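>>> here is my input; please provide its structure:
(one chain, ligands or ions: 2)
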Amino acid sequence: MYQIKTFNAISPVGLATFTAEYQINQKDAQPDAYLIRSVDLHEHDFPRSLKAIGRCGAGYNNIPLERASEQGIAVFNTPGGNANAVKELVLAMMILANRQVIAAANWTNQVQPGADITLEAAKSQFNGQELLGKRLAVIGLGHVGSLVANAAVNLGMEVIGYDPYLSADAAWQLSREIHRAPSLAAVVDQADFITVHVPKNEETTGMIDQELISQFKPTAVLLNFARHGIVDNQAVIDALNTKRLRWYSTDFSDALIHGHPRVTILPHLGGSTVEAEANCARMAAKAVMTYLTTGNLINSVNLPALQTPFASPERITLIHRNIPNMLGQISSLIAQHQINIENLANRAKADFAYTIVDVSDFANPDQQAALIQELAQIPAVSRVRLIHQPRGGNK
Ligand SMILES: NC(=O)c1ccc[n+]([C@@H]2O[C@H](COP(=O)([O-])OP(=O)(O)OC[C@H]3O[C@@H](n4cnc5c(N)ncnc54)[C@H](O)[C@@H]3O)[C@@H](O)[C@H]2O)c1
Ligand SMILES: O=C(O)CC[C@@H](O)C(=O)O
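Ligands and ions are numbered 1, 2, ... in the order given. Below you'll find the predicted structure:
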C-alpha cells in the first residue's frame, strides 16, 4: 500500500484516480508521495520515505527543486492542465478593464433603489472600449500564453508575442496571425494590453520593471496571472499614479497594490475551476502512480523524461548526480552480484540524472537488499529503488 499525503484541497475527481493500492491522508508521517497545490515547501523538511511530489498545477516555484533532487525525490507538474481556465479569466479581465464593468456595477448598487440608472449623464462615465482591433502583447507563449494569444486573434485583436525559449510543440499551437517580437521592448511597443505568462525564476523575477513600463503606451492595461514578483509592483503604482499606465489586473496581492482604485486583484483564481482542478489532480495522480509503480518519469520538472517498458521481473531505478562514471559504478556493482542487465536507460537533466536498470537472475531477497544497499552507498546517488514488475505485465 502506498501512502499519499495531501496538503491543499485536491479535486475529488483527481483523488478518485488513485487505485486501491493507494491510501490518501493528510497526516501520514511516512508518505511515499505528496499531492499538493500552491503550498510553499521551501521551509519544509522532507521525510526520507518521500519519493515523489505531484504538483497539481503548472508553476512549481513553491517547491525547492534542487533539494528535492538531492534527497532523491521526483517532482511532477501538470503542464496545460489549467491553461484554459487561466485563458478565460485573462480574457474576462481584459473586458472588465476595458468596459469599467466593476466600477459600473458598484455604482449601480449604491444608487437609490428605483433611480433611473440608464440616464446618459450618469452612465457616460462608464463608457468603454472594445477589444476588436486593439494590440495585445503576450509574454511567454507556453500552454497559457498560446491559448490567450489564439483566443485574442479570434476576437479580432492584433497579437504580438515574445518567447525566446519557445518549444517546437508550443510553436505548432500558435495561430499564424501572431507576430513574434525579437525583444521585450519590441513586444510592449504600442500594445494596448500586456499579459505575462512566464514561470517565476531568477530571470523573470522583476522582468516587468520601471524601465519596461516606461515604454508602454500610457493607456495600456497590464495583466499578471503568472506569479507575484514577475511584475515590480512599486513600478506599477508609480506608473498608475503618474498616468503612465491605465490599469493593472492581477491574481496576486501585496500591500503596495492593495486597494488602489485602478488595480483589480483576484485571490489567485486563475486555475480555480472545477474542470482545471480535476484535470490537474488527475494528471498529477497519474504521474505519481506511474513513477511509484514503474519508475517511469512523465512530466517531471527536476528529472529528465524517461520511460521504458519493463524488460524483466525486477527494475532498479537510481537518481544521481550528472557526473562521469556513474553508469560504470552502477553496472560493475550489479555484475559483482552475478546479476544480468536486460536493459539500461539513462538520461540527464542539468545537474541530476536518472537511470533505469532492468535486471534478471536475482537469487533471493537478501541478495536484492545487499545490492540496493551497495548502490545507495555510491557517492552522488540520492535514491535507489527496487521495483517489481506490476501485475498486468510489461508497462
Ligand atoms: N494564476 C494561476 O492560477 C496560474 C495558473 C497556471 C499557470 N500559472 C503561472 O503561469 C505560468 C505559465 O504557465 P504555462 O502553463 O503557460 O507554463 P508553460 O511552461 O507552458 O509556458 C511558459 C512559457 O514561458 C516561456 N518563458 C520562459 N522564460 C521566459 C522569458 N524570460 N521571456 C519570455 N518567455 C519565457 C517558456 O518558453 C514557455 O513557453 C506558470 O509557470 C505559473 O507560474 C498561474
Ligand atoms: O493551485 C492553484 O490553485 C493554482 C495553480 C496555478 O498557480 C498554477 O501554477 O498552475
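
>>> make it CA atoms for all contacts and neighbour counts henceforth
OK.

>>> which ones are touching the residue nearest the centre of the chain?
Taking C-alpha atoms, centre = their mean as the criterion, A58 is the residue nearest the geometric centre of the chain, at 1.6 Å. Contact partners of A58, counting by C-alpha atoms under 8 Å, 6 or more residues apart in numbering, are 77-82.

>>> against ligand 1, how distant is it?
Relative to ligand 1, A58 is positioned 5 Å away (C-alpha to the nearest ligand atom, to the nearest Å).

>>> likewise Q234?
20 Å.

>>> name the residues of the helix or strand hosting that residue that come out as buried.
For Q234, the host element (DSSP states H and E) is helix 233-241. By neighbour count on 16 or more other C-alpha atoms under 10 Å, the buried set for helix 233-241 is 233, 235-237, 239-240.

>>> over to stretch 85-100?
So, applying 16+ other C-alpha under 10 Å, buried residues of stretch 85-100: 85-91, 93-99.

>>> equivalent analysis for stretch 296-315, please.
Neighbour-count burial for stretch 296-315, counted by 16+ other C-alpha under 10 Å, picks out 296-304, 306-308, 310-315.

>>> next one: stretch 377-389
The neighbour-count check on stretch 377-389 (16+ other C-alpha under 10 Å) flags 381-387, 389 as buried.

>>> quick one on the thing from earlier: keep only those of the buried residues of stretch 85-100 that are also close to ligand 1.
Counting by C-alpha under 6 Å from any ligand atom, V86 from the buried residues of stretch 85-100 sit close to ligand 1.

>>> from the buried residues of stretch 85-100, which ones fall inside helices?
In helices, defined here by DSSP state H, the members of those are 85-91, 93-99.

>>> with pLDDT and distance to ligand 2 added, can I get those residues in a markdown table?
Converted to a markdown table, those look like this (pLDDT from 0 to 100; distance: C-alpha to the nearest ligand atom, whole Å):
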| residue | pLDDT | distance to ligand 2 |
| --- | --- | --- |
| A85 | 98 | 10 |
| V86 | 98 | 9 |
| K87 | 98 | 12 |
| E88 | 98 | 14 |
| L89 | 98 | 13 |
| V90 | 98 | 13 |
| L91 | 98 | 17 |
| M93 | 98 | 17 |
| M94 | 98 | 19 |
| I95 | 98 | 22 |
| L96 | 96 | 21 |
| A97 | 95 | 22 |
| N98 | 96 | 25 |
| R99 | 96 | 26 |
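
>>> next, V75: secondary structure please.
Following DSSP: H, G, I helix; E, B strand; the rest coil, we place V75 in the strand state.

>>> next one: phi and psi at the residue nearest to it when sequence neighbours are not counted?
Residue nearest to V75 in three dimensions, not counting chain neighbours: I53, with 4.7 Å by C-alpha to C-alpha, 6 or more residues apart in numbering. The phi/psi pair for I53 (degrees, to the nearest 10) reads phi -130, psi 120.

>>> how about the contacts of A58 in TSV, adding pLDDT, secondary structure and neighbour count?
Shown next, in TSV, are these (pLDDT from 0 to 100; DSSP: H, G, I helix; E, B strand; the rest coil; neighbours: other C-alpha atoms under 10 Å):
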residue	pLDDT	secondary structure	neighbour count
N77	98	coil	27
T78	98	coil	26
P79	98	coil	18
G80	98	coil	19
G81	98	coil	24
N82	98	coil	25
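
>>> H42 is in contact with E66, isn't it?
No: look at H42 against E66 with C-alpha atoms under 8 Å: they stay out of range, at 10.6 Å.

>>> near N109, how many other residues are there?
10 (other C-alpha atoms under 10 Å).

>>> surely L223 is in a strand?
Yes: according to three-state DSSP, L223 belongs to a strand.

>>> gap between the two ends of stretch 49-60?
21 Å (C-alpha to C-alpha, to the nearest Å).

>>> hmm, it in reach of ligand 2?
Yes: Stretch 49-60 is in contact with ligand 2 by C-alpha under 6 Å from any ligand atom, via 57-59.
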